[in-house]
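S.K.: Dropping a prediction and its sequence here:
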Amino acid sequence: MIMPTANGGIAQQTADSQDTEKNIFSSESHSDDQGRAGGDGPRAGDGERRAGDGERRLDEGQRRGNNDPRRTKQPRQNNQPRRDKRDVHGWVILDKPIGMTSTHAVAVLKRLFQARRAGHAGTLDPLASGGLPIALGEATKTVPFVMDGRKRYRFTVAWGEERDTDDTEGRATQTSELRPSADAIRALLPRFTGLIEQIPPQYSAIKVQGERAYDLARDGETVELKPRPVEIHELTLVEHGDNGQSVFEAECGKGTYVRALARDIGRILGCFGHICALRRTLVGPFREADMIPLEELEALCNRAASGEGSLADALLPVETALDDIPALAVTRADAARLHRGQAVLLRGRDAPNSSGTVYVTVAGRLLALAEIGNGELIPKRVFNLTGLTASPGRSNERV
């Protein structure tokens, strides 16, 4: 739909998204440090049991303070020269392997791309595989849009045993010889669909009086965690065999713990259960077809170093994260004002009368995140995409 104004043509490309328009600019959560910190914080949920051993060591190091000898800078080994950092902008959707922490994954990709800035859009548990969206450079400013999106998981529940971590890493706390039928499971699923109340797992990143719940649990403390509202858009039984395991698929909103689903379903059925396999197949606008295995990225990096390819082929454009909000195209004159942080008046008979968050383009190139209000286009985040960006063909691949 084309909406010309007295200041120039404006094209609205997508429908409004109310969720991403609620106070998204009220904090600096777009920053690189926030992205590295692991995303949603106490509302992380999903398959995100905890930060993982690497993240825990980082947290403990921060608590020890700067006087700890382990925090002192170590000399570089073998006199290896420090690699120059460069500006890289875009998204890499890593197909994270089992056993790797999200923080380690970000560090690996940052090294491969020699990127100045990087962060991820929502922690994925070390025991889980699948989509881990990693933002490089200016893409870190769009992280909240991905974290607020839906997520889809495929997970396997092992019946007959509940564990303190609600997955295979913990110790058994309750056991049963009962095994549920497929009909009994399907009959129960509507109770876990829609807006429900969910008690987070004991081993979770939720803070209790300033401490992470997983730290307290590791110290042997039992914490009373309060139920939280979460939304399960879809929950289906995919497979049910004679091996005492069932495979499910769930599409859910922010803050949902898949491990808690397995725990609660098992308790109601009286057979108990825990997650024994978990894979994330959708994160916001990023689907399984967008995922790239780490081995493939490393091979692409080696080819690029020898001049046989480009790492740009692994990048998705920054604006891919903004698929669910309107896009407005402006003239070059208005773009110059927005780039300087100045508002643009939307005047004229055909000026849009909508309000809310938009992303602004000029000549087909992403310029800024802005808000429309009181007849003005007000810039909130301006993008500087100088450097390595996604190959032009990457946008067309997703159409």
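M.R.: Thanks, I have the structure now. Residues are numbered from 1 along each chain as shown.
S.K.: Which helix or strand lies directly C-terminal to the helix or strand encompassing Leu132?
M.R.: Using DSSP states H and E, Leu132 sits in strand 129-136. Note on strand 129-136: by DSSP H and E, the next helix or strand toward the C-terminus is helix 143-147.
S.K.: Over the helix or strand just after that next one, what's the mean pLDDT, rounded is fine.
M.R.: Following helix 143-147 in sequence order, the next helix or strand is strand 151-159 (DSSP H and E). Mean pLDDT, strand 151-159: 97.
S.K.: thinking again about what came up before, tilt between the strand holding Leu132 and strand 151-159?
M.R.: Going by axes from the mean of the first three to the mean of the last three C-alpha atoms, to 10 degrees, strand 129-136 is angled at 150 degrees with respect to strand 151-159.
S.K.: For strand 129-136, which helices and strands make contact with it?
M.R.: strand 90-96, helix 102-113, strand 118-120, helix 143-147, strand 273-283, strand 286-287 (3 or more C-beta pairs under 8 Å, 6 or more residues apart in numbering; DSSP states H and E). All C-beta spots, glycine's among them, are computed from the backbone N, C-alpha and C.
S.K.: again, only this time at 10 Å
M.R.: Strand 129-136 makes packing contacts with helix 32-36, strand 90-96, helix 102-113, strand 118-120, helix 143-147, strand 151-159, strand 273-283, strand 286-287 when contacts are defined by 3 or more C-beta pairs under 10 Å, 6 or more residues apart in numbering; DSSP states H and E.
S.K.: With mean neighbour count and distance to Ala314 as extra columns, can I get the ones you listed in JSON lines?
M.R.: Converted to JSON lines, the helices and strands packed on strand 129-136 look like this (neighbours: other C-beta atoms under 10 Å; distance: least, C-beta to C-beta, whole Å):
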{"stretch": "helix 32-36", "mean neighbour count": "19", "distance to Ala314": "18"}
{"stretch": "strand 90-96", "mean neighbour count": "26", "distance to Ala314": "6"}
{"stretch": "helix 102-113", "mean neighbour count": "20", "distance to Ala314": "8"}
{"stretch": "strand 118-120", "mean neighbour count": "26", "distance to Ala314": "13"}
{"stretch": "helix 143-147", "mean neighbour count": "24", "distance to Ala314": "17"}
{"stretch": "strand 151-159", "mean neighbour count": "23", "distance to Ala314": "22"}
{"stretch": "strand 273-283", "mean neighbour count": "23", "distance to Ala314": "17"}
{"stretch": "strand 286-287", "mean neighbour count": "20", "distance to Ala314": "13"}
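S.K.: which one of these has the lowest average pLDDT?
M.R.: Of all the helices and strands packed on strand 129-136, mean pLDDT reaches its minimum on helix 32-36 (a mean of 32).
S.K.: Can you give me the first-to-last residue distance of stretch 142-157?
M.R.: 34 Å (C-alpha to C-alpha, to the nearest Å).
S.K.: still on that earlier bit, any chance of the helices and strands packed on strand 129-136 in TSV, plus distance to Pro379?
M.R.: Shown next, in TSV, are those (distance: least, C-beta to C-beta, whole Å):
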stretch	distance to Pro379
helix 32-36	20
strand 90-96	21
helix 102-113	27
strand 118-120	22
helix 143-147	17
strand 151-159	30
strand 273-283	27
strand 286-287	26
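S.K.: Of the ones you listed, which is nearest Arg365?
M.R.: strand 90-96 (13.3 Å; C-beta to C-beta).
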